[in-house]
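Trainee: Here's a sequence, model it:
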Amino acid sequence: MKKIKVLIVDDHTLVRAGIRSLLALVNNIDVVGEASDGKEALIKIEQLRPDVVLMDLAMPVMGGLEATRRVRRNFPGTKVLALTQYDDSEYVIPIIEAGASGFVTKMSAFSELAAAIEAAQKGESYLSSTAATALVEEYQQKTASEGEQDPYNQLTDREREVLKLVVEGHTSREIAEILIVSHKTVDWYKNSLMNKLNIHNRVDLIKYAIRKRIITL
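Mentor: Reported below is the predicted structural model:
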């Protein structure tokens with residue numbers, strides 16, 4: 001069975017030694033080398049051609065983020081797996097955007113690290129549970145923030161009903177009959193929703209409704 005060739009990149013000698021000792025217990029993993037910073041890692045990758053690089057983030061000379069970008073560009077066949085003590089989205093998102101195949105914290109169980117290496121070698125993505133939680137929380141916060149900024153969310157249910165009927169081509173009198181309200185009430189809803197959306201003519205209102213998928217062509 002062909003073993004997965006791994007390069008360990010970390011500026012702490014004891015950390016590298018510990019990881020090497022643990023990975024020596026896995027039959028299908030072979031640690032082919034070590035590096036103490038990103039610059040040295042690039043040299044070792046060219047020499048050793050590892051399948052997977054375990055990349056720390058905070059290192060002198062060249063940090064893991066820049067090193068990952070260069071590995072991605074210069075050695076596309078080598079997968080990078082971020083291995084760091086940090087687990088919040090401030091670190092997870094940039095390293096994934098830089099080209100890392102996964103993110104594992106140093107607090108993770110050893111079995112998780114081995115699984116992440118195997119996944120990376122297969123071309124799959126892997127996030128430790130804490131990193132995945134950080135990404136979910138970041139996404140939820142971003143979605144909530146965007147939702148608060150969307151003026152459509154400021155419309156009342158009745159204003160949304162009127163909007164849909166207006167862009168479908170109904171007149172104010174027809175809308176009044178459908179909703180069983182007065183003509184003046186419909187006009188009030190129309191003015192209110194247009195002010196909230198900052199749209200003041202029917203053509204732009206229709207374009208907006210199409211973008212929001214309130215109606216389809």
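
Trainee: which intervals of this protein have sub-threshold pLDDT?
Mentor: For the chain, the stretches with pLDDT under 70 are 87-90, 129-149, 216-217.

Trainee: Just the strands from it, written as ranges.
Mentor: 4-9, 29-35, 52-55, 79-84, 102-105, 126-127 (DSSP state E).

Trainee: which of these sits most buried?
Mentor: strand 52-55 (a mean of 28; mean count of other Cβ atoms under 10 Å). All C-beta spots, glycine's among them, are computed from the backbone N, C-alpha and C.

Trainee: mind saving the C-alpha coords of it as PDB?
Mentor: The C-alpha atoms that make up strand 52-55 are tabulated as PDB, following Å, rounded to 0.1, in the frame of the first residue of the first chain:
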ATOM      1  CA  VAL A  52       0.200  16.600   2.300                       C
ATOM      2  CA  VAL A  53       1.800  19.500   4.200                       C
ATOM      3  CA  LEU A  54       0.800  20.200   7.800                       C
ATOM      4  CA  MET A  55       1.100  23.900   7.900                       C
END
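
Trainee: Domain-wise, how is the protein divided?
Mentor: If you go by automatic domain parsing, the domain ranges for the chain are 4-141, 151-211.

Trainee: winner for burial among those domains?
Mentor: For these, the largest average neighbour count (mean count of other Cβ under 10 Å) is found in domain 4-141, namely a mean of 18.

Trainee: Name the nearest residue to residue 209, ignoring sequence neighbours.
Mentor: For residue 209, ignoring the flanking residues on the chain, the nearest one in space by Cβ to Cβ, 6 or more residues apart in numbering is residue 167 at 4.2 Å.

Trainee: Help me confirm that that neighbour comes into contact with residue 212.
Mentor: No. Counting by Cβ atoms under 8 Å, residue 167 stays clear of residue 212, with 9.8 Å between them.

Trainee: residues shared between the contacts of those two?
Mentor: In terms of Cβ atoms under 8 Å, 6 or more residues apart in numbering, residue 167 and residue 212 are not both contacted by any residue.

Trainee: how about the residue lying farthest from the centre of the chain, what does it touch?
Mentor: Most distant from the centre of the chain: residue 182, at 48.6 Å, with distances by Cα atoms, centre = their mean. By Cβ under 8 Å, 6+ apart, residue 182 lies in contact with residue 176.

Trainee: From residue 7, how far out is it?
Mentor: 75 Å (Cβ to Cβ, to the nearest Å).

Trainee: show me where this protein has helices.
Mentor: Remark: helices assigned in the chain by DSSP state H are 13-23, 38-48, 64-74, 89-98, 110-121, 129-149, 157-167, 172-179, 183-197, 202-211.

Trainee: how far off helix 183-197 does the last one point, in degrees?
Mentor: This means helix 202-211. In terms of direction (axes from the mean of the first three to the mean of the last three Cα atoms, to 10 degrees), helix 202-211 departs from helix 183-197 by 70 degrees.
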